[in-house]
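**Student:** Need the 3D shape of this:
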Amino acid sequence: MKKKFGTIALALIIGLTVVAIGLGFLFGPANPIPWVLMGGLALVVFFYNRREVESQLVWKDEYSVGVEKVDDDHKQLITLLNRFQTAYEYHTGEEFERTALNELINYTRYHFDREEELMKEHEYPDIEAHKAQHAAMIAEVEQFQKDYQARGHEALEGVATYLNEWLINHINGTDKLYVPYMADKR
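**Tutor:** Residues are numbered from 1 along each chain as shown. Predicted coordinates for the structure are as follows:
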């Protein structure tokens with residue numbers, strides 16, 4: 001809720017500044033006030049965008065498991081997580097939130113299937129424990145989906161944070177354990 005009011009306040013400030021710039025130019029282009037306001041407006045937008053980019057999850061080389069198609073899946077999951085987070089934080093509407101959540105869930109299932117198939121192919125000995133982690137995560141996400149259907153937007157509070165942390169912990173922990181078994185896939 002706090003973010004929503006912050007966004008509304010920012011939109012109001014930008015709108016009023018644009019009006020002030022327009023009014024300032026009524027006194028001629030030599031008037032310094034609209035030019036100063038335009039510079040200030042550019043700074044506000046720059047710093048706001050910078051803050052927003054910092055809140056997004058970004059792929060880092062340290063997340064790589066050394067298997068290109070798995071890394072590509074993980075990158076796509078990060079993209080979908082960021083899309084979902086944006087949909088939630090900016091109250092983009094039920095349809096966009098639902099679509100972003102469903103895309104994330106569907107791609108997660110697809111990725112888990114691909115990853116499990118690779119582990120099976122390479123005879124990874126701890127495959128069952130890994131699959132159990134995948135199943136537990138899917139069950140958790142399905143519960144988020146049910147809560148969302150019942151309660152709407154408010155049910156999604158904290159979901160993006162949970163998913164970001166789960167994904168990074170899973171990649172850097174459990175996923176890295178199968179890397180030696182897939183050496184020929186690098």
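
**Student:** any low-confidence regions in the protein?
**Tutor:** 1-7, 48-55, 184-186 (pLDDT under 70).

**Student:** Output the longest helix belonging to it.
**Tutor:** Secondary structure of the chain per DSSP state H: the longest helix is helix 94-121.

**Student:** That one: what's the following helix or strand?
**Tutor:** Where DSSP states H and E defines the elements, the next helix or strand beyond helix 94-121 is helix 127-151.

**Student:** Who are the packing partners of that next one?
**Tutor:** Contacts defined by 3 or more C-beta pairs under 8 Å, 6 or more residues apart in numbering; DSSP states H and E place helix 127-151 against helix 94-121, helix 159-170. In this view, the C-beta of every residue, glycine as well, is placed from N, C-alpha and C.

**Student:** Rebuild the ones you listed as JSON lines, extending it with mean neighbour count.
**Tutor:** Output for the helices and strands packed on helix 127-151, formatted as JSON lines (neighbours: other C-beta atoms under 10 Å):
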{"stretch": "helix 94-121", "mean neighbour count": "16"}
{"stretch": "helix 159-170", "mean neighbour count": "17"}
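
**Student:** among these, which is nearest residue 181?
**Tutor:** With C-beta to C-beta as the measure, helix 94-121 is the member of the helices and strands packed on helix 127-151 nearest residue 181 (7.4 Å).

**Student:** Can you give the distance from the closest one to the centre of its chain?
**Tutor:** 14 Å (C-alpha atoms, centre = their mean, to the nearest Å).

**Student:** Who are the packing partners of it?
**Tutor:** helix 68-89, helix 127-151.

**Student:** Quick one: closest of those to residue 31.
**Tutor:** Among those, helix 68-89 comes nearest to residue 31, with 37.9 Å by C-beta to C-beta.

**Student:** Let me see the backbone angles for residue 26.
**Tutor:** phi -60, psi -20 (degrees, to the nearest 10).

**Student:** what residues does stretch 126-140 touch?
**Tutor:** 105, 108-109, 112, 115-116, 119-120, 124, 162, 166, 170, 174, 177-178 (C-beta atoms under 8 Å, 6 or more residues apart in numbering).

**Student:** Would you check which pair of those lies furthest apart?
**Tutor:** It's 120 and 162 that sit farthest apart of the contacts of stretch 126-140, by C-beta to C-beta, at 28.0 Å.

**Student:** Can you give me the domain assignment for the protein?
**Tutor:** Domain ranges of the chain: 2-55, 61-185, per automatic domain parsing.

**Student:** Quickly compare those and say which is most buried.
**Tutor:** Each of the domains of the chain was assessed for mean neighbour count using mean count of other C-beta atoms under 10 Å. The highest is domain 61-185, with a mean of 15.

**Student:** Alright, I will stop here.
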